[in-house]
Every structure is written in C-alpha cells, then in structure tokens.
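Colleague: Model the structure of this input:
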Amino acid sequence: MPSSLLTSNKNKVFDALLKQKGINVRQTETIPRCEKADAYPVSFAQQRLWFLDQLEPGKALYNLPAAVRLSGQLDTSALSRSFDEMVRRHDSLRTTFTSVDGQPRRQRRR
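Modeller: The predicted structure is shown next:
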C-alpha cells in the first residue's frame, strides 16, 4: 500500500518497518510513463497473438473463458463506474491493434 494513503502516524510506522527491511521508499525509482503517440510497436507476445488472429480471423483461440456466479442485489451503477475506472487507469484495456504495411501496431484510445 503506498504510504501516501496512510495517516501521518501510520506513515511513519510504515516507513520505519520498511527501513528495518532495508527499503528506502524515498529512493525507490518509478517507471516513467511512455510518451503519447498514435501507434506503438508491439511486443513479441502481442506479435504472436496478432499472427494467430491472422491465421484464424475472428476466433479468439487464446481467450480463457470463465464464469462466476454472484448472488444478491447488483448495483449496476457501481459496477459501471468500476469498469470505467479500470479502463481509465489501464492502457492495455484501451488498446486496439491494426495492421500498418502488413505489420501489427498497437493504438491506444484516449
């Protein structure tokens, strides 16, 4: 849990515990955000999935279906907000793939 979400007192305790383990949070590097662009190269794993889709168009052979049974009252508004927030926070959920000169390229929707 990021220490910024804790109260001041809990933050000090959290930092002290991390320091005991040899972790200095203030010196931890963060992963920089990538620059915004219209299209990005794809990874080797993404190339493999794109290639499979070219062999069998429209068949999601690499999907793993699963089902979950929920009971009780469904708050559709909260569910919708949850999905919207996940999509907002994760670029991979806003990514589509196109072919440019016969090569796959990923595009991020904003």
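
Colleague: what comes up buried for the one helix or strand Lys12 maps to?
Modeller: If you go by DSSP states H and E, Lys12 is part of helix 8-20. By neighbour count on 16 or more other C-beta atoms under 10 Å, the buried set for helix 8-20 is 14-15. Glycine gets a C-beta too; all of them are placed from N, C-alpha and C.

Colleague: now that helix: mean pLDDT?
Modeller: Averaging pLDDT along helix 8-20 yields 82.

Colleague: can you pull the buried residues of the helix or strand following that helix?
Modeller: Once the chain leaves helix 8-20, the next helix or strand it forms, by DSSP H and E, is helix 44-55. Going by neighbour count (16+ other C-beta under 10 Å), the buried part of helix 44-55 is 46, 49-50, 53.

Colleague: just curious, which of those residues is nearest to Tyr40?
Modeller: Of all the buried residues of helix 44-55, Tyr40 sits closest to Gln46, with 9.8 Å by C-beta to C-beta.

Colleague: Quick check: the farthest pair among the buried residues of helix 44-55?
Modeller: Across the buried residues of helix 44-55 (C-beta to C-beta), the longest gap, 10.5 Å, separates Gln46 and Asp53.

Colleague: now the most centrally placed residue in the chain: how far from Arg108?
Modeller: The centroid of the chain falls nearest to His90 when counting by C-alpha atoms, centre = their mean (3.8 Å). Here the criterion is C-beta to C-beta, to the nearest Å. By it, His90 lies 11 Å from Arg108.

Colleague: Also Val42?
Modeller: Counting by C-beta to C-beta - Val42 and Arg108 are separated by 12 Å.
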